[in-house]
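[1] Just the structure for this:
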Amino acid sequence: MSVDFTLDQKRYLEGFAAGFSARSGQKAPVPQAQPTGPDAAHVLAQDRVVAAGGKLNDQEKWKREEHPFDAWPRLVAQAKENAPPKPADNFRWRYYGLFYVAPAQDSYMCRLRIPNGALTHWQFAGLADLAETYGGGYLHVTTRANIQIREIAPKNATNIVEAIQDLGLWSRGSGADNIRNVTGTPTAGVDPQELIDTRPYARAMHHHILNDRSLYGLPRKFNIAFDGAGLIGALEDTNDIGFQAVVVKEGQGVAPGVYFRLALGGVTGHKDFARDTGVIVPPDEAVEVADKVLRVFIEHGDRTNRAKARLKYVLDAWGFDRFLGAVEDKLGRKLLRVGADAIDARPRQDRAAHIGVHQQKEPGLNWIGVTLPVGRFTPEQARGLSEIARQFGDGGLRLTVWQNVLITGVADRLVAEAVAMIETLGLSTKASPIRAGLVACTGNSGCRFAAADTKRHAEEIAAFCEKAAPIDAPINIHLTGCHHSCAQHYIGDIGLIGARVAVNEEDDAVEGYHILVGGGFGEDARIASEFYQNVKAQDAPQVVARILRAYRKHRADADETFVAFARRHDMDTLRRLANEESMA
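    Below you'll find the model as predicted:
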């Protein structure tokens, strides 16, 4: 039988219990208020770590002490004083897309959010103006189909964030422990072989993130990509969540048609691709499913060890069945599952389709892929490309994960004139196989973590190899400055990661690289294997040329790709073949 007490009776009993505890020498337990609001799940996750005897890492402590979005007035005050941030605020300001990169540069870098890498011509031109007004007078395209503006003085920190929003763009959440720029197929909507236009889904995910504060402050960074099975890949299998467009056949227990296949746990810097879960997702449910994956990660991701704080490590610890069960609990329903044999083979990508003129699905229209040398270009070039897109195309530009830009909707009769104007900007729609697949991170000229000047060395490698070891097949050469692997060296046919190379017994060192071979992505996904260690940067062009010459001489036939060649031989044999080229 239950008894209902009046309010006065409840207070009397509470007082009696408190007095009894005092007489017995014990303190009455103080009820702890449960956290509420959008940050509650994060605070509860931190509390569980501490209760279990764990120690929060510094970043978790900083988030707990003051949420970055509550600290905007202090960023404004620092900007007024042109003052650089202390470490805790340097972390917090990344929630606004601002990275203070000293000692490489005594300034901020600002990274944007550009869903699916799609921009209007006026936004592209507007970013050029911002790079001149507030930055160092140049822009970088990143490997997440995004743009960075660098060399922003502390006094302009809030100016640039606000000016970006004036363009209808955002930098919010593009750094630190948040969901980074949502990528998609660069040719979405115009690609003749795509299964689905990824732009609406990337955009929906983008706005879902922007408008829900509870999705900020994750255990670590998080990447999401949508691949529509077009000619140019989105590298979705390198993301924490990869949505891969597939066609489910008739008679498989679900309605036939186009779905997203769900892949989880990609983080190639930690030597892992996103793995197929066996789950298919109706496209209009993709954002909801991604949200629930994120909620499970928020609750159970590692908040003590930054090196183990990615989704991959939750999956490694739990296994996919347990993790997907937790996602289903949050969804309130079962996920759809079909076997691999229920799905049609996905169309293959074209590794050259991001450069040059290519026919769109609409008769008489084309996209033009423009080469940007290792992703760097000037405001004048940006404004010129913007005008070409306005005058000759459909007014849009697309960024790619290969650090270049596409102009879409160019009529057949206007292609020649558009290409000529691109060339007058000092840019090109043509590139050797070496330059077409050349990818480089910022390097130590603008990043304090990098051990080498990757963009400069990439250009040196390309210039040398085009003369000393020209090839006629697609090749991807990726240079990254540090273990963060922003240029994804593990998926390159040839990958280079920056290292300090000793030159004498006194520990004097110079810039250099460890070199890997045999990586791949998409249909050829595999983590590259280490080939050479401690190669001086000045020697890297000759070493890469030897590898390319060995490939050209010993490939099975003209159609054998580099990745097939590299995987056909063991590492000792590959080294011997390359060393023979050195002797020759």
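[2] Spatially nearest residue to Arg144 (excluding sequence neighbours)?
    Distance criterion Cβ to Cβ, 6 or more residues apart in numbering; nearest residue to Arg144, sequence neighbours excluded, is Asn181 at 4.8 Å. C-beta here means a position set from N, CA and C on the backbone, and glycine is covered the same way.
[3] Which strand or helix spans that neighbour?
    Asn181 is part of no helix or strand, with elements assigned from DSSP states H and E.
[4] In contact with the residue nearest to Ala537 when sequence neighbours are not counted, which residues?
    What sits nearest to Ala537 in space, not counting adjacent residues and going by Cβ to Cβ, 6+ apart, is Glu511, at 4.3 Å. By Cβ atoms under 8 Å, 6 or more residues apart in numbering, Glu511 lies in contact with 444, 451-453, 457, 498, 500-501, 536-537.
[5] possible to save those as CSV with distance to Ala469, neighbour count and pLDDT?
    Shown next, in CSV, are these (distance: Cβ to Cβ, whole Å; neighbours: other Cβ atoms under 10 Å; pLDDT from 0 to 100):
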residue, distance to Ala469, neighbour count, pLDDT
Asn444, 26, 21, 94
Ala451, 25, 22, 95
Ala452, 21, 29, 97
Asp453, 22, 21, 96
His457, 16, 24, 97
Gly498, 22, 28, 96
Arg500, 27, 14, 95
Val501, 22, 21, 94
Lys536, 19, 16, 96
Ala537, 18, 23, 97
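[6] Please pull out the lowest mean pLDDT helix or strand from the protein.
    Within the chain, confidence by mean pLDDT, DSSP states H and E is lowest for helix 7-23 among all helices and strands, at a mean of 47.
[7] Mind checking the pLDDT average for the helix or strand following it?
    Going down the chain from helix 7-23, the next helix or strand is helix 40-51, by DSSP H and E. What helix 40-51 shows for mean pLDDT is 96.
[8] could you give me the average pLDDT of the helix or strand just after helix 40-51?
    For helix 40-51, the following helix or strand on the C-terminal side (DSSP H and E) is helix 58-65. Mean per-residue pLDDT for helix 58-65: 97.
[9] Run through the residues that contact Arg306.
    57, 59, 220.
[10] now Arg295
    Taking Cβ under 8 Å, 6+ apart as the definition, contacts of Arg295 comprise 41, 330.
[11] and the helix or strand where it lies with helix 40-51, angle?
    Using DSSP H and E, Arg295 maps to helix 286-300. Relative orientation of helix 286-300 and helix 40-51, computed by axes from the mean of the first three to the mean of the last three Cα atoms, to 10 degrees: 30 degrees.
[12] Start at 21, not 1
    Happy to do that; since the first residue is 21 now, the last one works out to helix 306-320.
[13] got a list of contacts for the helix or strand just after helix 306-320?
    Along the chain past helix 306-320, the next helix or strand (assigned with DSSP H and E) turns out to be helix 331-338. Contacts to helix 331-338, defined as Cβ under 8 Å, 6+ apart, come from residues 242, 260-261, 284-287, 290, 292, 295, 313, 316-317, 320-322, 343, 346.
[14] which residue is nearest the centroid of this structure?
    Arg164 (4.4 Å; Cα atoms, centre = their mean).
[15] How about the contacts made by Ala103?
    Pro174.
[16] what's it sitting at in phi/psi?
    Dihedral angles of Ala103 (phi, psi; degrees, to the nearest 10) stand at phi -100, psi 140.
[17] before we move on, back to that, could the contacts of Arg326 go into a markdown table alongside distance to Ile375 and neighbour count?
    Output for the contacts of Arg326, formatted as a markdown table (distance: Cβ to Cβ, whole Å; neighbours: other Cβ atoms under 10 Å):
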| residue | distance to Ile375 | neighbour count |
| --- | --- | --- |
| Asn77 | 42 | 18 |
| Gln79 | 39 | 21 |
| Arg240 | 34 | 23 |
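[18] now those residues in a markdown table, with distance to Arg131?
    What follows is the contacts of Arg326, written out as a markdown table (distance: Cβ to Cβ, whole Å):
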| residue | distance to Arg131 |
| --- | --- |
| Asn77 | 22 |
| Gln79 | 18 |
| Arg240 | 16 |
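[19] between those residues, which is nearest Ala99?
    Lowest distance from Ala99 to these (Cβ to Cβ) belongs to Gln79, with 22.7 Å.
[20] Wasn't Asn554 part of a helix?
    No. Asn554: not assigned to a helix; according to DSSP: H, G, I helix; E, B strand; the rest coil it is strand.
[21] so for stretch 347-356, what's the average pLDDT?
    98.
[22] how far does it stretch from start to finish?
    Using Cα to Cα, to the nearest Å, one end of stretch 347-356 lies 12 Å from the other.
[23] Equivalent analysis for stretch 240-254, please.
    End-to-end for stretch 240-254, by Cα to Cα: 22 Å.
[24] quick one: average confidence on that stretch?
    Mean predicted confidence for stretch 240-254 is 97.
[25] For the helix holding Arg315, list every residue counted as buried.
    306-307, 309-320 (16 or more other Cβ atoms under 10 Å).
[26] How about stretch 581-597?
    581-583, 585-587, 589, 594-595, 597.
[27] For Val563, which non-adjacent residue is closest in space?
    Val555 (5.3 Å).
[28] so who does the one you found touch?
    521, 532-535, 563.
[29] and what of Leu385?
    Here Leu385 is in contact with 210, 379, 414, 428-432 (criterion: Cβ under 8 Å, 6+ apart).
[30] cutoff 6 Å now
    Gly429 (Cβ atoms under 6 Å, 6 or more residues apart in numbering).
[31] quick one: it and Asp217, what's the gap?
    15 Å (Cβ to Cβ, to the nearest Å).
[32] and Trp387, what are its bridge partners?
    His378 (DSSP bridges).
[33] The stretch 421-570 of the chain: helices as residue ranges?
    With helices called from DSSP state H, counting those that start in this stretch, the stretch 421-570 of the chain shows them at 435-444, 453-456, 474-488, 560-574.
[34] Now render the ones you listed as JSON lines, adding distance to Gln272.
    As requested, the helices of the stretch 421-570 of the chain are exported to JSON lines (distance: least, Cβ to Cβ, whole Å):
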{"stretch": "helix 435-444", "distance to Gln272": "43"}
{"stretch": "helix 453-456", "distance to Gln272": "39"}
{"stretch": "helix 474-488", "distance to Gln272": "46"}
{"stretch": "helix 560-574", "distance to Gln272": "41"}
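[35] Which one of those helices lies nearest to Val69?
    Going by Cβ to Cβ, the one of those nearest Val69 is helix 474-488, 36.1 Å.
[36] which other helices and strands contact that closest one?
    Applying 3 or more Cβ pairs under 6 Å, 6 or more residues apart in numbering; DSSP states H and E, one finds that helix 474-488 contacts helix 453-456, strand 458-460, helix 560-574.
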